[in-house]
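Could you work out the structure for the sequence below:
(chains A, B, C and D)
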Amino acid sequence: MVEILYFAWLRDRLGRSRETVALPGDGGSSSVRAIMDGLRRRGAAYEAVFGEEAGPIRCAVNQEFAALDSPVRAGDELAFFPPVTGG
Amino acid sequence: MVEILYFAWLRDRLGRSRETVALPGDGGSSSVRAIMDGLRRRGAAYEAVFGEEAGPIRCAVNQEFAALDSPVRAGDELAFFPPVTGG
Amino acid sequence: MRVDIRVQEETFSLDAELARLADAGLEMGGIGAFVGVVRGDAGLAALVLEHYPGMTESMIARIVDQAGSRFGLLACTVVHRVGRLPVGAPIVLVLCAAAHRGAALDATGFVIDWLKTQAPFWKREEYPDGQARWVAARPSDEEAAARWGTAGPAES
Amino acid sequence: MRVDIRVQEETFSLDAELARLADAGLEMGGIGAFVGVVRGDAGLAALVLEHYPGMTESMIARIVDQAGSRFGLLACTVVHRVGRLPVGAPIVLVLCAAAHRGAALDATGFVIDWLKTQAPFWKREEYPDGQARWVAARPSDEEAAARWGTAGPAES
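Model (predicted):
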C-alpha cells in the first residue's frame, strides 16, 4: 500500500487530504506515473486533477521532490501538490 | 574667521575638538590646503597631525566632504577627521 | 552553526529571535534579516498558508545547511507562519548571522530565494467578497533562485 | 517613502521599528534588515563610537534618498548608535521596505555599504587592559560600496 497526500487545490478538488491505495502491478515497485494513471481511472474529479488541462503538478516521495518516473515502493508516502508558493 | 572641528585621533592628539582661526590671505577666500599649512605652523602637535607621517586625513567644508583644493570662505565650518569607520 | 527552524501559526518577534542569537559566538559582526509581509494587492483581504508538515522542516533545514557552509554562517533562524494571515501581517522571517555583513546579507537572500521555490508551502488568497484563489508559482521566483548557480537544496 | 534616521546612544528595538513601518503602504511585501554588532575580535572589550552631528544625519539622508529612488523603496529606517558599546551590542540597524524581496534586500546592502564609507562615524577599540586604538578604515569597505557602480551619495 502507498499513502497518498494531496495539498492546496488538489485537496480542494478531490475533497480529501489523504488516502491509501494499492501499489499497481505486482506490488514490489511501481512509479509515480503508474500510480497517477491508476488514480485517473477513479473518476471525473481525479481525471480533472491529473489531466492535461489541470495546472502544473509536483510530487514528492517520502518527502523528497520526485519526478514522474521516480520509483514508488510499498509503504512509501507519495504527495501531489502544485508548485510551491511560500515565503 | 573659520570654525575648525577635529574628530577621532586628530582631536585626541590636538587636545581640542574645535577652534576658530583667521582665514589666511586677504580674508575673502582661501582653500583647505592653505588653512592646513597655517595650522601646521602652530607647533609640534599640529605638525604631527597634519604631517606626511600621520595617517590619512579627510575633510569637510560645511558638512560636505571636500578636497585639499576646495575653497573655504569666512564663516565656513571646516572639519578634519580620519577616514570614516561607522556601521 | 546555531540553527532554529519553526513553522507556526503565531506571529514572531524579531527582538526575541535576535536575542536567541546571543550565544552564536563572539565572532558575530552582522545579522541579515528578511521579513515577508502579506501585500495588499488588488483588494486582497488575507492569505491562507498551508504546508506539508515534516517535508517543510527538512527542506528548510537543507536550505539553511547549504547557506551555512556557503556563507560561513554562525547562526540561521527561519520562522514561517501558516494559517490565515491578513494584509500587512508578517509571513516569514529569515535571520542570518555571520562575521561580516556581506555574507550575512547574501545568505539571507539565498535562504529566502530557495525557500520560495523549494519549501512546500501554498498560499490561498481570500478577498472581501468571499472569493478565494490559490496563488500560482511565479517564474521570477525560479529565476531568483537560479542566480545562485547551484542545483538547489532539493538536489543535494 | 517613509524615512526615519536617528543617531542615538540607546539601543533599538527591531519590533518597534518594524511596527513603525505599518503605515508605509499596502504594497509593502518585504522588509530587508541589517543589524551590525560589536564583534569580539582579539579580546576586544568595547567600541566607542563618535560622529559628526549634523553631517551624519545629512549624509545618511542622502544615502537613503539614493536607495529609495534606485530600489523603489516604500520605507527606510536607519538607527546608528554612538557612545560606548560592549562586545555583542548592536551598533546599527538598517531596514528597507519594498514591494518585493529583491529590492528590499539589495537596498539594505546599498545603504549599509555607503553608510560604512560616507557617514562620518569613527570607532575606537577598548581592550580589558585599558589600551585603546582608533579603528582604521578598511579598503574592503570602499570596494563593497564601489560595486554599486555610482559615485556615491557624497557626490550627489
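
Which positions in chain C make contact with chain A?
Within chain C, the positions lying close to chain A (Cβ under 8 Å from any Cβ of the partner chain) are C:36, C:49-52, C:54-55, C:58, C:80, C:91-92, C:112, C:115-124, C:134-138, C:141, C:154. All C-beta atoms are positioned from the backbone trio N, CA, C, and that covers glycine.

mind checking the SS state of the residue located most distally from the centre of chain C?
When each C-alpha in chain C is compared with the mean C-alpha position (Cα atoms, centre = their mean), C:D129 comes out farthest, at 29.8 Å. At C:D129 the chain is in coil, as set by DSSP: H, G, I helix; E, B strand; the rest coil.

likewise A:R13?
Of the three states, A:R13 takes helix under three-state DSSP.

Now do it: how many residues are near it, please.
When neighbours are defined as other Cβ atoms under 10 Å in any protein chain shown, A:R13 has 14 of them.

In contact with it, which residues are there?
A:45, A:48-49 (Cβ atoms under 8 Å, 6 or more residues apart in numbering or on different chains).

Ignoring the adjacent residues along the chain, who's closest to the residue of chain C found nearest chain B?
Of chain C, the residue with the smallest distance to chain B, taken as Cβ to the nearest Cβ, is C:R101 at 7.8 Å. Residue nearest to C:R101 in three dimensions, not counting chain neighbours: C:G30, with 3.9 Å by Cβ to Cβ, 6 or more residues apart in numbering or on different chains.

I figured the one you found hits D:V37, correct?
Yes: using Cβ atoms under 8 Å, C:G30 makes contact with D:V37 at a distance of 6.5 Å.

Which residue, other than its chain neighbours, is closest to C:G54?
Nearest to C:G54 is A:Q63, by Cβ to Cβ, 6+ apart, at 5.6 Å.

The one you found: neighbour count?
Neighbours of A:Q63 (other Cβ under 10 Å): 18.

For it, give me the pLDDT.
You'll see A:Q63 listed with a pLDDT of 97.

List the contacts of A:T20.
Taking Cβ under 8 Å, 6+ apart, we find A:T20 in contact with A:1-4.

in which helix or strand would I find it?
Applying DSSP states H and E as the criterion places A:T20 in strand A:18-21.

So which bits of the helix or strand encompassing C:F34 are buried?
Using DSSP H and E, C:F34 maps to strand C:30-37. By 16 or more other Cβ atoms under 10 Å in any protein chain shown, the buried positions in strand C:30-37 come out as C:30-37.

Measure how buried the nearest residue to C:T150 once chain neighbours are set aside is and give me the count.
Once flanking residues are discounted, C:T150 sits nearest to C:Q66: 7.3 Å by Cβ to Cβ, 6+ apart. C:Q66 has 19 neighbours, counted by other Cβ under 10 Å.

Now do the helix or strand of chain A with the lowest mean pLDDT: distance to the chain's middle.
Here the helix or strand of chain A ranked lowest by mean pLDDT, DSSP states H and E is strand A:29-31, holding a mean of 91. Here strand A:29-31 shows a centroid-to-chain-centroid distance of 12 Å under the convention Cα atoms, centre = their mean, to the nearest Å.

mind saving the C-alpha coords of stretch C:118-127 as PDB?
Extracted C-alpha coordinates of stretch C:118-127, given in PDB (Å, rounded to 0.1, in the frame of the first residue of the first chain):
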ATOM      1  CA  GLN C 118      11.700  24.500  -2.600                       C
ATOM      2  CA  ALA C 119       9.800  24.600   0.700                       C
ATOM      3  CA  PRO C 120       6.300  23.100   0.400                       C
ATOM      4  CA  PHE C 121       4.100  26.000   1.400                       C
ATOM      5  CA  TRP C 122       1.000  27.100  -0.600                       C
ATOM      6  CA  LYS C 123      -0.900  30.300  -0.400                       C
ATOM      7  CA  ARG C 124      -4.600  30.900  -1.000                       C
ATOM      8  CA  GLU C 125      -5.800  34.400  -1.500                       C
ATOM      9  CA  GLU C 126      -9.000  35.500   0.200                       C
ATOM     10  CA  TYR C 127     -11.000  38.500  -1.000                       C
END
